[in-house]
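Novice: Structure for this input, please:
(6 chains)
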Protein chains: 6
Amino acid sequence: MGTPNSVEDWKKIREDANAGLMAKSNLNIKRFFNLDTKAYHDGALPAKTKELLGLVASMVLRCDDCITYHIIQSVLAGVTDEELYETFNVALIVGGSIVIPHLRRAATRLEECRELEKTDPKLLSLDSTE
Amino acid sequence: MGTPNSVEDWKKIREDANAGLMAKSNLNIKRFFNLDTKAYHDGALPAKTKELLGLVASMVLRCDDCITYHIIQSVLAGVTDEELYETFNVALIVGGSIVIPHLRRAATRLEECRELEKTDPKLLSLDSTE
Amino acid sequence: MGTPNSVEDWKKIREDANAGLMAKSNLNIKRFFNLDTKAYHDGALPAKTKELLGLVASMVLRCDDCITYHIIQSVLAGVTDEELYETFNVALIVGGSIVIPHLRRAATRLEECRELEKTDPKLLSLDSTE
Amino acid sequence: MGTPNSVEDWKKIREDANAGLMAKSNLNIKRFFNLDTKAYHDGALPAKTKELLGLVASMVLRCDDCITYHIIQSVLAGVTDEELYETFNVALIVGGSIVIPHLRRAATRLEECRELEKTDPKLLSLDSTE
Amino acid sequence: MGTPNSVEDWKKIREDANAGLMAKSNLNIKRFFNLDTKAYHDGALPAKTKELLGLVASMVLRCDDCITYHIIQSVLAGVTDEELYETFNVALIVGGSIVIPHLRRAATRLEECRELEKTDPKLLSLDSTE
Amino acid sequence: MGTPNSVEDWKKIREDANAGLMAKSNLNIKRFFNLDTKAYHDGALPAKTKELLGLVASMVLRCDDCITYHIIQSVLAGVTDEELYETFNVALIVGGSIVIPHLRRAATRLEECRELEKTDPKLLSLDSTE
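Specialist: Numbering: from 1, shown residues only, chains lettered A, B, ... in the order given. Sure thing, here's the model as predicted:
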């Protein structure tokens, strides 16, 4: 399956694998995906805060795909670098040095997202979850 | 060491054990505790949001002590029940059903904190971290 | 909240906390609970096998509440001790020695369930999930 | 070491690394590997069920290599897609959305195994564990 | 099953549950226990160092029973408080603040072990693993 | 970002990403990196033992980057293969078969480090942590 070298590669690999998964998934898996999407919608807490909640959870559980997903969503929601780095810091403190390699990759992904924001913002839009 | 039946018991057990730990801890452990406290201070993100980040991270990593700590801090920071339950939902979606027993205990702790808020709010104040 | 000394205590603590959680939960949390229940119903795989899947997952993730729940459900579904101990062994091999304290408590819970089966089988029935 | 793009690549990388590990391993590591193999043999539970136990445990612990291994073994043991997707659903419910990226890759691997079953079934046979 | 208030209680609960587990365990589980014991014997690395390896692994995986076990074994092997606190610090740095509640309980257990060393050293001896 | 095929690739990817992370990191993140470095310095325990503590913690938490880092540091500190394989065995026993894929990659990395030791030892030196 390879390892994505860019946000663009990452999106392509993710969309292809998602199509395969959805073609075969039973109703309960599809319902879970639906609940997953809803968890990040505006409510008592704004969507922006919920993306940061999803990001910090993904960082302490150490899932690069989920981290990339929530960084993209956070950038689209207008979160600043300062806010993202304070979120990174909470993840680092709660989760420890084992989070550092993911932090390094998150920093690279964020930089890449900031570039895409300027040059080709539609590359940042995603269809569904995690 | 026993299992705390109330927020009051929990605070007592925690403070006693903390005193023992701090009496023996080396400088590096103390420095970590200092960084831990700072991670939740107002910055680009408000302290209130950072407590919710700490809470969701504690929930997906499934640590009851840390959950109790961040629920107390969230209540002190003025977070509403609706906001807390949306945070619980993000933790449940990201972390799965394995989070449910901690959610149950979190619901009980939160209810207890709302009672203390009315009757004896100073019982909610804590000295230090996690 | 205390630590349950018996399956009976465990059920009481769980039901009380569940009532508190459900009284406050938003719709998405309730929907998750619904999906959770459905995951263990008869389908292409029988409910009995799915309980063992839930049990091994709970063991490697090391959640005593979830282990107690799935042991009760397995006993109700007619799983034998030999089948349960082979499941314990898969959990031990995949998850390592860190699983052992949970295995010890699981063995005690199972023995207790076998007693209740003979003396008061209705004590084993549960309302909902995990 | 690279990331395997196909089951065939995955087998090659795994066998090479395994040879290096076994050449240096002490007796206790070799004994563990022996116990690991035995855990999935027919017993009170059939081998097929044990592969699904290994699969769900690997999914909630989120190890792609172990997931690929148990999908291959399940396919060889005659497990159907419907049975595998119900197992995926238990893993998703217990482990949460953090499991989704692994589910996506599992769906791709499974599709590939179904192809190999038709065209070159001996590519699916493996020597040893995880 | 209750929560142990002292090393003495902890030993009693552990021995009772162990007896139940061993009475029913299949041969593969027993073989795992045997390998587990051997992992901490003197070899290229001294037993003392291996106990610290077991301790740091138990701390980052956050298992209080395993932590109590390895603290007792470390005390019996002659490890000093300074050495133990440096091990605690590695666990805290690698595993993050989520380790803190376990560190607090470890500090209490260690203090208790130092008392027993003076007053009733045979209370520290254990039969088997984790 | 790709997956490193050699220790040399791994160093290059890590240094580039580190530079990006450090350029943006806030003071608290930098302070954490400082504490992380200090945790492995000579103290009551020698640096060599602390590297093995870091290695076993990284193995049971299953982080390949951290494992590569601590293997390099261990080799530089003069740890023998026998000592490393006994550390691998403790990680395997505590963490279970889910550790095996990481063990396989660790064996390959170690072999590579032994080659570099003979041919180009300066390739093994690293700037900072994890």
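Novice: Next, the buried residues of stretch A:98-118.
Specialist: For stretch A:98-118, a neighbour-count test (16 or more other CB atoms under 10 Å in any protein chain shown) marks A:98-113, A:116 as buried. For glycine as for every other residue, the C-beta is placed from the backbone atoms N, C-alpha and C.
Novice: Up against chain E, what does chain A have?
Specialist: For chain A, the residues in contact with chain E (CB under 8 Å from any CB of the partner chain) are A:Val60, A:Leu92, A:Ile93, A:Val94, A:Gly95, A:Gly96, A:Ser97, A:Ile98, A:Val99.
Novice: For chain E, state which of those is nearest.
Specialist: A:Gly96 (3.0 Å; CB to the nearest CB).
Novice: Return the residues in contact with that closest one.
Specialist: Going by CB atoms under 8 Å, 6 or more residues apart in numbering or on different chains, A:Gly96 touches E:Val60, E:Leu92, E:Ile93, E:Val94, E:Gly95, E:Gly96, E:Ser97, E:Ile98, E:Val99.
Novice: A:Asp64 reaches A:Val99, doesn't it?
Specialist: No - in this structure A:Asp64 lies outside contact range of A:Val99 using CB atoms under 8 Å: 11.3 Å.
Novice: I'd like to know how far A:Thr37 sits from chain D.
Specialist: 10 Å (CB to the nearest CB, to the nearest Å).
Novice: Contacts for whichever strand or helix holds that residue next, please.
Specialist: Taking DSSP states H and E as the criterion, A:Thr37 maps to helix A:27-38. Residues outside helix A:27-38 that contact it (CB under 8 Å, 6+ apart): A:21-22, A:25, A:128-130, B:93, C:28, C:31-32, C:35, C:38-39, D:85, D:88-89, D:92-93, D:97, D:100, D:103.
Novice: Show me what from chain A comes close to chain D.
Specialist: Within chain A, the residues that sit near chain D (CB under 8 Å from any CB) are A:1-3, A:14, A:16-18, A:20-21, A:24-26, A:28-29, A:32-33, A:36, A:57-58, A:61, A:63, A:65-66, A:129-130.
Novice: And the residues of chain A next to chain E, which is closest to chain D?
Specialist: Using CB to the nearest CB, A:Val60 is the member of the residues of chain A next to chain E that lies nearest chain D, at 10.1 Å.
Novice: State the number of residues packed around the nearest residue to the closest one once chain neighbours are set aside.
Specialist: Leaving aside its chain neighbours, A:Val60 sits nearest to A:Gly95 (3.8 Å; criterion: CB to CB, 6 or more residues apart in numbering or on different chains). Neighbour count for A:Gly95, taken as other CB atoms under 10 Å in any protein chain shown: 26.
Novice: wait, A:Gly95 sits on B:Cys63?
Specialist: No - A:Gly95 lies out of contact with B:Cys63 (CB under 8 Å); the separation is 11.4 Å.
Novice: what angle separates the helix holding A:Thr37 from helix C:27-38?
Specialist: Taking axes from the mean of the first three to the mean of the last three CA atoms, to 10 degrees, helix A:27-38 and helix C:27-38 form an angle of 160 degrees between their directions.
Novice: now the following helix or strand past helix A:27-38: mean pLDDT?
Specialist: Going down the chain from helix A:27-38, the next helix or strand is helix A:47-60, by DSSP H and E. Averaged over helix A:47-60, pLDDT sits at 98.
Novice: on contacts alone, who are the packing partners of helix A:47-60?
Specialist: helix A:64-76, helix A:81-95, helix A:100-119, helix B:47-60, helix B:81-95 (3 or more CB pairs under 8 Å, 6 or more residues apart in numbering or on different chains; DSSP states H and E).
Novice: make it 6 Å
Specialist: If contacts are counted by 3 or more CB pairs under 6 Å, 6 or more residues apart in numbering or on different chains; DSSP states H and E, helix A:47-60 sits against helix A:64-76, helix A:81-95, helix B:47-60.
Novice: so where's chain A shaky on pLDDT?
Specialist: Residues of chain A meeting the criterion pLDDT under 70: A:1-2, A:127-130.
Novice: Near chain C, which residues of chain A are found?
Specialist: Within reach of chain C by CB under 6 Å from any CB of the partner chain, chain A has these residues: A:Asn28, A:Arg31, A:Phe32, A:Leu35, A:Lys38.
Novice: of the residues you listed, buried ones?
Specialist: By 16+ other CB under 10 Å, the residues of chain A next to chain C give A:Asn28, A:Arg31, A:Phe32, A:Leu35 as buried.
Novice: Spatially nearest residue to the first one, not counting backbone neighbours?
Specialist: Counting by CB to CB, 6+ apart, A:Asn28 lies nearest to D:Asn89, which is 5.0 Å off, once chain neighbours are set aside.
Novice: how much space between the one you found and D:Leu61?
Specialist: For D:Asn89, the distance to D:Leu61 equals 17 Å [CB to CB, to the nearest Å].
Novice: And these two? Which one has more around it.
Specialist: Comparing D:Asn89 with D:Leu61 by neighbour count (other CB under 10 Å), the higher total belongs to D:Asn89, at 27 against 23.
Novice: which ones are touching that one?
Specialist: Residues near D:Asn89 by CB atoms under 6 Å, 6 or more residues apart in numbering or on different chains: A:Asn28, A:Ile29, C:Ala39.
Novice: and with 8 Å instead?
Specialist: Going by CB under 8 Å, 6+ apart, D:Asn89 touches A:Asn26, A:Asn28, A:Ile29, A:Phe32, C:Ala39.
Novice: Please apply the same query to A:Gly78.
Specialist: A:Gly78 makes contact with A:Lys48, according to CB under 8 Å, 6+ apart.
Novice: Once you drop chain neighbours, what's closest to A:Ile63?
Specialist: Residue A:63: Cys, not Ile. Closest residue to A:Cys63 apart from its sequence neighbours, by CB to CB, 6+ apart: D:Ile98 at 5.2 Å.
Novice: got the contact list for the one you found?
Specialist: D:Ile98 sits next to A:Ala57, A:Ser58, A:Leu61, A:Cys63, A:Cys66, A:Glu130, B:Val60, B:Val94, B:Gly95, B:Gly96, D:Arg62 when contact means CB under 8 Å, 6+ apart.
Novice: How about the contacts made by the residue nearest to the last one when sequence neighbours are not counted?
Specialist: Pointing back at D:Arg62 there. The spatially closest residue to D:Arg62, leaving aside those adjacent along the chain, is D:His102, at 5.4 Å (CB to CB, 6+ apart). Shown in contact with D:His102 (CB under 8 Å, 6+ apart): D:Met59, D:Arg62, D:Asp64, D:Ile67.
Novice: could I get these as JSON lines with distance to D:Val79 and neighbour count?
Specialist: Listed next are the contacts of D:His102 as JSON lines, based on distance: CB to CB, whole Å; neighbours: other CB atoms under 10 Å in any protein chain shown:
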{"residue": "D:Met59", "distance to D:Val79": "14", "neighbour count": "26"}
{"residue": "D:Arg62", "distance to D:Val79": "21", "neighbour count": "19"}
{"residue": "D:Asp64", "distance to D:Val79": "19", "neighbour count": "19"}
{"residue": "D:Ile67", "distance to D:Val79": "14", "neighbour count": "26"}
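Novice: Check the residues you listed and tell me the two furthest apart.
Specialist: Using CB to CB, the contacts of D:His102 reach their maximum pairwise distance at D:Met59 and D:Asp64, which is 9.8 Å.
Novice: What separation do you get for A:Leu123 and chain C?
Specialist: According to CB to the nearest CB, A:Leu123 and chain C sit 30 Å apart.
Novice: looking at it, that residue is touching A:Lys12, isn't it?
Specialist: No - with contact defined as CB under 8 Å, A:Leu123 and A:Lys12 do not form a contacting pair (10.7 Å).
Novice: A:Val56: neighbouring residues, count only.
Specialist: Residues contacting A:Val56 under the criterion other CB under 10 Å number 29.
Novice: Now that it has come up, it's in contact with B:Met59, right?
Specialist: No - using CB under 8 Å, A:Val56 makes no contact with B:Met59, being 10.7 Å away.
Novice: if we can go back for a sec, quick one: buried ones out of the residues of chain A next to chain D?
Specialist: Listed as buried from those are A:1, A:14, A:17-18, A:20-21, A:25, A:28-29, A:32-33, A:36, A:57-58, A:61, A:63, A:65-66, A:129-130; burial here means 16+ other CB under 10 Å.
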